[in-house]
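Novice: Kindly return the folded structure for what I paste below:
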Amino acid sequence: MGTQRVGTRVGALAGFLLVLACVLAPRPAGAHALLVRSQPANGSTVAVTPDVVRLWFNEEISTELSTLRLVDRTGAAVPGTRGHADARALELQVPDLARGTYGVFWRVLAEDDGHTSSGTVVFSVGASNGVLAATSGGGTSATALDTARRWLGLCLLAGVIGGLAVAYLVLGRIRRRDGLDAAIDSARRRLLGGVIACAALGSVVAAVDAVAQARRLASGRSWPATLGDLLASSRWGHLWAVREAVLIALVPLVIALRARGRRRQAVAALALALTLAGVEALGSHAATVGSSRGVAIVSDAAHILAACVWLGALPALVVLLLAPTRRRELVRASGGPFTVLLAGSVVLVVTTGLYNAGRQVETVGDLTSTSYGRTLLIKTALLAVMLALGLGSARHWRGISGTPVRRMVAVEAAVGATLLVAVAVLAGTPPARGGDAGSAGQSRSTSVADLLVTVSAAPNRPGANGVTVLVASSRRPPPAPVSAVTLDVGTQPGVRLTPVGPDRYFGTVELARYGDGQLRAVLRRGDEQLTATVPWSVAGPGAHGRRLAPYVDGLALGLLAGAALIGVGYARRRRGSGPPRQEPVATLVGS
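Specialist: Predicted coordinates:
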């Protein structure tokens with residue numbers, strides 16, 4: 001059977017599995033559900049008790065795992081409330097309330113990828129003084145451990161996809177001659193052994209992630225019962241189940257493929273690898289864009305697939321460089337297929353990355369003024385370093401001497417692993433899309449000692465604003481608990497914030513004018529005093545910047561056109577030098 005027929009089967013099976021994932025999770029997704037508006041409005045004063053407090057969100061939320069809680073100014077829960085949730089809103093029926101200030105603490109689970117967002121809406125009944133308010137935009141529940149699990153999962157995903165790509169798209173294109181058969185078979189078995197290990201560990205990491213999500217959402221319930229609800233009733237749970245099933249299925253499949261590779265097993269393994277990339281895209285920020293959602297998901301799937309091929313191919317190349325026999329000949333023979341595979345991956349990574357950036361970052365200024373934009377710039381810089389390292393190592397392939405190339409490839413792989421840290425952080429950070437947040441306000445983060453301090457303010461305009469400070473230590477266990485937090489802003493030094501939950505403090509400040517400035521949080525922990533300063537900007541009416549999308553879209557199209565011209569020229573030169581003699585894929589993957 002020829003290459004074309006094998007490719008058709010791969011595409012058909014991958015398409016079927018992706019359709020299955022979509023059927024299991026048919027609704028539009030949202031990576032971070034942010035509060036759009038509330039009734040009563042955040043920071044407002046009402047003359048009489050409202051019958052219902054209602055909160056609207058920009059994305060669909062889990063009706064089973066999202067909560068509201070009403071507290072008075074001391075933080076005590078108000079009895080007699082009853083909550084209700086629908087696809088994009090939370091509702092809380094409240095009893096008659098005495099004059100004073102009240103806070104509504106909310107926490108929602110986004111339907112697609114399980115990110116939890118939380119915040120506080122504050123309103124006063126019959127009086128405007130004493131508003132404690134906090135952040136209506138809220139923050140996500142992502143912690144350092146969440147980011148570490150995400151990073152490890154991405155590394156293992158790259159190991160699966162990249163290992164399979166090199167095993168069949170590189171080694172499968174080497175002409176078997178001059179006694180290289182045994183070296184090729186040996187290298188493929190080692191690569192498939194790595195794929196088995198990555199798939200098995202990936203399923204374990206996914207299981208730990210599901211348990212962590214359930215424990216975070218338990219809220220007094222047993223986490224096993226919450227886990228059942230999470231998997232049965234949330235879109236994140238459905239996508240998780242598909243991903244876990246694919247990883248588990250890959251283990252025995254690749255074991256059989258490694259022992260005695262057959263064509264159907266190879267096709268199935270490649271199709272499952274494609275499915276993993278598709279499932280990742282279905283649960284990503286791309287699924288939350290307001291328009292052209294389908295195009296954004298396809299672009300993100302291509303981006304994930306190409307990135308995993310590129311990053312996973314680097315440790316696979318190290319395996320080839322460490323071949324016990326015929327190493328020099330094997331690496332030289334694989335140079336052409338490797339170059340084509342990596343060049344195509346790089347082009348897809350760069351062009352789809354540019355397109356995706358235009359969908360997730362609203363304006364050019366957001367690249368430097370938001371956490372998402374700054375992390376994206378770091379990712380881009382690491383990508384440029386990888387490109388430079390790759391070009392440097394490629395120059396030595398023809399005259400390969402062993403150790404120098406191994407070192408360069410190992411360094412490139414290490415930079416790639418660091419790049420995946422930035423990707424993991426981006427996955428847990430709300431995109432910088434100005435239209436999504438509505439009246440969510442603004443959030444900024446900084447680090448001091450071992451603490452990550454996040455300051456959020458809403459509605460972030462001149463006048464009374466509610467401020468929330470979230471504190472998280474990177475050390476386990478933390479050296480000591482934070483006992484007090486005060487806030488300095490403008491002419492208001494030492495505004496004491498009230499603790500409203502574990503590592504969460506809120507209070508009210510007056511923002512005097514539009515423009516740039518800073519907020520300073522002073523944290524008391526044991527005998528030490530720590531100061532965290534964040535830059536702050538109060539946007540004026542109609543404030544806007546130049547949209548990023550037109551610039552990056554034009555650049556992506558230009559790069560894609562240039563790559564297409566280079567590819568056409570390369571193909572013509574290959575045809576002019578005669579058709580390459582190579583063994584059919586059907587023979588290479590086994591009888």
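Novice: What's the mean pLDDT across the strand or helix carrying Arg149?
Specialist: Following DSSP states H and E, one finds Arg149 within helix 144-165. Taken as a whole, helix 144-165 has an average pLDDT of 90.
Novice: buried residues in stretch 367-380?
Specialist: Leu367, Ser369, Thr370, Ser371, Tyr372, Gly373, Arg374, Thr375, Leu376, Ile378, Lys379, Thr380 (16 or more other Cβ atoms under 10 Å). Every C-beta, even on glycine, is put in place using the N, C-alpha and C of the backbone.
Novice: Remind me what whichever strand or helix holds Val415 packs against, helices and strands.
Specialist: Applying DSSP H and E as the criterion places Val415 in helix 403-427. Helix 403-427 sits against helix 144-165, helix 293-321, helix 371-394, with contacts defined as 3 or more Cβ pairs under 8 Å, 6 or more residues apart in numbering; DSSP states H and E.
Novice: Mind listing what's buried along the longest one?
Specialist: When neighbours are counted by 16+ other Cβ under 10 Å, the buried residues of helix 293-321 are found to be 296-297, 299-317, 319-321.
Novice: domain parsing for the protein?
Specialist: With automatic domain parsing as the criterion, the domains of the chain are listed as 3-28+142-433+549-588, 35-137, 442-538.
Novice: weakest of those domains in terms of mean pLDDT?
Specialist: Between these, the one with the least mean pLDDT is domain 35-137; it has a mean of 75.
Novice: how far does stretch 442-449 sit from the chain's center?
Specialist: The chain centroid and the centroid of stretch 442-449 are separated by 19 Å, computed with Cα atoms, centre = their mean, to the nearest Å.
Novice: Got the phi and psi for Asp553?
Specialist: phi -70, psi -40 (degrees, to the nearest 10).
Novice: now the helices for the stretch 1-150 of the chain?
Specialist: Counting by DSSP state H, counting those that start in this stretch, one finds helices in the stretch 1-150 of the chain at the ranges 3-24, 144-165.
Novice: List the buried residues of the last one.
Specialist: Right, helix 144-165. Of all the residues in helix 144-165, those buried under the rule 16+ other Cβ under 10 Å are 146-147, 149-165.
Novice: Need the contact partners of the helix holding Val415.
Specialist: Contact partners of helix 403-427, identified using Cβ atoms under 8 Å, 6 or more residues apart in numbering, comprise 31, 113, 147-148, 150-151, 154-155, 158, 284-285, 307, 310-311, 314-315, 317-318, 321-322, 331, 372, 375-376, 378-379, 382-383, 385-386, 389-390, 392-393, 396-397.
Novice: can you tell me which residues contact the residue lying closest to Gly162 once chain neighbours are set aside?
Specialist: Distances taken as Cβ to Cβ, 6 or more residues apart in numbering place Gly312 nearest to Gly162, at 1.5 Å, with adjacent residues excluded. Neighbour list for Gly312: Ala158, Gly159, Val160, Ile161, Gly162, Gly163, Ala165, Val166 [criterion: Cβ under 8 Å, 6+ apart].
Novice: Include distance to Gly172 when you put these into CSV, please.
Specialist: Shown next, in CSV, are these (distance: Cβ to Cβ, whole Å):
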residue, distance to Gly172
Ala158, 20
Gly159, 19
Val160, 17
Ile161, 15
Gly162, 15
Gly163, 13
Ala165, 10
Val166, 9
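Novice: about what we covered before: which one among the buried residues of stretch 367-380 gets closest to Val71?
Specialist: Ranked by distance to Val71 (Cβ to Cβ), the buried residues of stretch 367-380 are led by Ser371 at 28.4 Å.
Novice: I figured the closest one hits Leu452, correct?
Specialist: No: between Ser371 and Leu452 there is no contact under Cβ atoms under 8 Å: 11.1 Å.
Novice: Good, wrapping up.
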